[in-house]
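A.B. asks: show me how the following folds:
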Amino acid sequence: MEEKQEHGVPEIFTKRVTRQLPSDELEARILAFLGSRSLCVLATCRSNVPRATPVLYRSKGFTIYMAGEPGRKLGNISQNPTVSIAIFDPEAEFSEKIDDITGLQIGGKARLIGKEEPEFMDAFLMFGRPASWAEHWYGKMIEVVPDRIELLAMGLKNEGYAARQIWVRNDK
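C.D. replies: The predicted structure follows:
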């Protein structure tokens, strides 16, 4: 049971915490979260028309890979490589505990990788499909290199840290 404050508002909502995680701890938590999930929502945009698409992903470090079937998301990326990705913990949807709310918001640049590129097969194999399937597939691999990742984890407040933690790529 969550501690309640005045007017029945859970304390976690009103607890003001601004302390940031040490950078190595933040990176470890982000990488663990990325590695523990496989579904994200990829948001693309072209001509001021946004599109959000649920898609399976795999990660290698902070870089995210998705298999893109021909369609609007690939067309959008070819016109505008700036993308956003959202990943959340689906267990929080069914939890009554506010401190279970956890997710990532990722902003970065996407690159389409076609079969003719040497990186294609490595990215394709990350999804556990036989290599022989690649020759019959008409899509492209999508590689997203994040510039910024926001970790929102309400439970961090219980550890004395701000719920929102921000990682920024420093090798730009």
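A.B. asks: which strand residues bridge Trp167?
C.D. replies: Ile149 (DSSP bridges).
A.B. asks: that one and Leu31, how far apart?
C.D. replies: 10 Å (Cβ to Cβ, to the nearest Å). Any C-beta I mention is one placed from the backbone N, CA and C, and that applies to glycine too.
A.B. asks: looking at the two, which one has more neighbours?
C.D. replies: Trp167 (20 against 13; other Cβ atoms under 10 Å).
A.B. asks: what sits against the more buried one?
C.D. replies: Trp167 sits next to Ser23, Leu26, Glu27, Ile30, Pro146, Arg148, Ile149, Glu150, Leu151 when contact means Cβ atoms under 8 Å, 6 or more residues apart in numbering.
A.B. asks: okay but Pro50 is in contact with Val41, surely?
C.D. replies: No: Pro50 is beyond contact range of Val41, at 11.4 Å (criterion: Cβ atoms under 8 Å).
A.B. asks: show me where this structure has its strands.
C.D. replies: 39-46, 49-60, 63-68, 82-88, 102-113, 140-153, 164-168 (DSSP state E).
A.B. asks: out of those strands, flag the one nearest Ser95.
C.D. replies: strand 102-113 (10.2 Å; Cβ to Cβ).
A.B. asks: so what strands line up beside the closest one?
C.D. replies: Here, using DSSP bridges, strand 102-113 pairs with strand 82-88 (antiparallel), strand 140-153 (antiparallel).
A.B. asks: enumerate the positions of the longest one that are buried.
C.D. replies: Within strand 140-153, the residues that qualify as buried by neighbour count (16 or more other Cβ atoms under 10 Å) are Lys140, Met141, Ile142, Glu143, Val144, Val145, Pro146, Ile149, Glu150, Leu151, Ala153.
A.B. asks: in a markdown table: the residues you listed, plus pLDDT and distance to Arg46.
C.D. replies: Formatted as a markdown table, those follow (pLDDT from 0 to 100; distance: Cβ to Cβ, whole Å):
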| residue | pLDDT | distance to Arg46 |
| --- | --- | --- |
| Lys140 | 94 | 16 |
| Met141 | 95 | 20 |
| Ile142 | 97 | 15 |
| Glu143 | 98 | 19 |
| Val144 | 98 | 16 |
| Val145 | 97 | 20 |
| Pro146 | 98 | 21 |
| Ile149 | 98 | 24 |
| Glu150 | 98 | 24 |
| Leu151 | 96 | 28 |
| Ala153 | 92 | 32 |
